[in-house]
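Undergrad: fold the stuff below for me.
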Amino acid sequence: MDTFHASVARAALEVGADLINDTTGLSDPRMADEVARAGASLVLTHSVAEPRRPFPRPRYEDVVEEVRDFLAARLERALEAGIARERIVLDPGPDLNKNTQQTLEVSRDWGEYAALGLPPLAALSRKDFVGESLGLPKEERLAGSLAAAAWTIRLGARILRVHDVRETVRMVRMLEVLAGWREPAGPLVHNV
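TA: All right, here's what the predicted structure looks like:
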């Protein structure tokens, strides 16, 4: 369930949801308690704006450090509420309250978020930073989205949120073969 309201999360969890995607990083102080009570999983996303409010011209002294510190603090809050560590996913929030240059910095230093010891989620597919980097509209951002996903995987991302599932799965499988994490699917007949 994608919500930042604890009351909505509670209702969803009561009817079987087992993961809450909170794109506001626990803006509702009751959210962590509701997720913990249900024994559910939680995606914690970096976001500094009020929910559903515009955040023009975002400013950061050091965007990578500030995102890391925000996620570390929210992780601590979730753990203190009783959510099991293995049920927490961190999302640095590319493009969310960040301009293209800031999102590029966050992406370049993705390992900072992996260093928090949890699987970072990379929600990069068709994002504005891909479009602005390549000068392309949303429907033409597949190659850029795949490149960004591959980059973050090499730096520790372990969960991807994507639009083009088949193409992304193929890219990930090839990356896994290149990294030695997966055997080639074969048959292996070339120059044998």
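Undergrad: what's around Pro29, how many residues?
TA: Neighbour count for Pro29, taken as other CB atoms under 10 Å: 10. C-beta coordinates here come from the backbone N, C-alpha and C atoms, glycine included.
Undergrad: so what touches the lengthiest helix in the chain?
TA: The residue-count maximum for a helix in the chain (DSSP state H) belongs to helix 63-81. Contact with helix 63-81 is made by 25-26, 32-33, 35-36, 42, 44, 46, 48, 60, 85, 88, 90, 92-93, 98, 102, 105-106, 109, 112-113, 115-116, 118, as judged by CB atoms under 8 Å, 6 or more residues apart in numbering.
Undergrad: quick one: the strands in the protein, in order.
TA: Using DSSP state E, the strands assigned to the chain run over residues 19-22, 41-45, 88-91, 121-122, 159-160.
Undergrad: to Trp151, which of these lies closest?
TA: strand 121-122 (8.9 Å; CB to CB).
Undergrad: so which other helices or strands are in contact with the closest one?
TA: For strand 121-122, the packing partners by 3 or more CB pairs under 8 Å, 6 or more residues apart in numbering; DSSP states H and E come out as strand 88-91, helix 142-154, strand 159-160.
Undergrad: among these, single out whichever gets nearest to Met1.
TA: From the helices and strands packed on strand 121-122, taking CB to CB, the stretch that ends up closest is strand 88-91, at 13.9 Å.
Undergrad: helices or strands next to the closest one in the packing?
TA: Contact analysis of strand 88-91 by 3+ CB pairs under 8 Å, 6+ apart lists strand 41-45, helix 63-81, strand 121-122 as its packing neighbours.
Undergrad: please name the residues that touch Pro58.
TA: Val48, Asn97, Lys98, Asn99, Gln102.
Undergrad: redo that, cut-off 10 Å
TA: Val48, Ala49, Leu96, Asn97, Lys98, Asn99, Gln102 (CB atoms under 10 Å, 6 or more residues apart in numbering).
Undergrad: now these in TSV, with distance to Leu160?
TA: Shown next, in TSV, are the contacts of Pro58 (distance: CB to CB, whole Å):
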residue	distance to Leu160
Val48	24
Ala49	24
Leu96	16
Asn97	21
Lys98	18
Asn99	22
Gln102	20
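Undergrad: neighbours of Val67, how many?
TA: So Val67, with other CB under 10 Å, has 28 neighbours.
Undergrad: could you dump the contacts of Pro58 into JSON lines with neighbour count, pLDDT and distance to Pro184 added?
TA: Below are the contacts of Pro58 laid out as JSON lines (neighbours: other CB atoms under 10 Å; pLDDT from 0 to 100; distance: CB to CB, whole Å):
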{"residue": "Val48", "neighbour count": "18", "pLDDT": "91", "distance to Pro184": "44"}
{"residue": "Ala49", "neighbour count": "14", "pLDDT": "84", "distance to Pro184": "45"}
{"residue": "Leu96", "neighbour count": "22", "pLDDT": "94", "distance to Pro184": "37"}
{"residue": "Asn97", "neighbour count": "20", "pLDDT": "95", "distance to Pro184": "41"}
{"residue": "Lys98", "neighbour count": "25", "pLDDT": "97", "distance to Pro184": "38"}
{"residue": "Asn99", "neighbour count": "18", "pLDDT": "96", "distance to Pro184": "40"}
{"residue": "Gln102", "neighbour count": "20", "pLDDT": "98", "distance to Pro184": "38"}
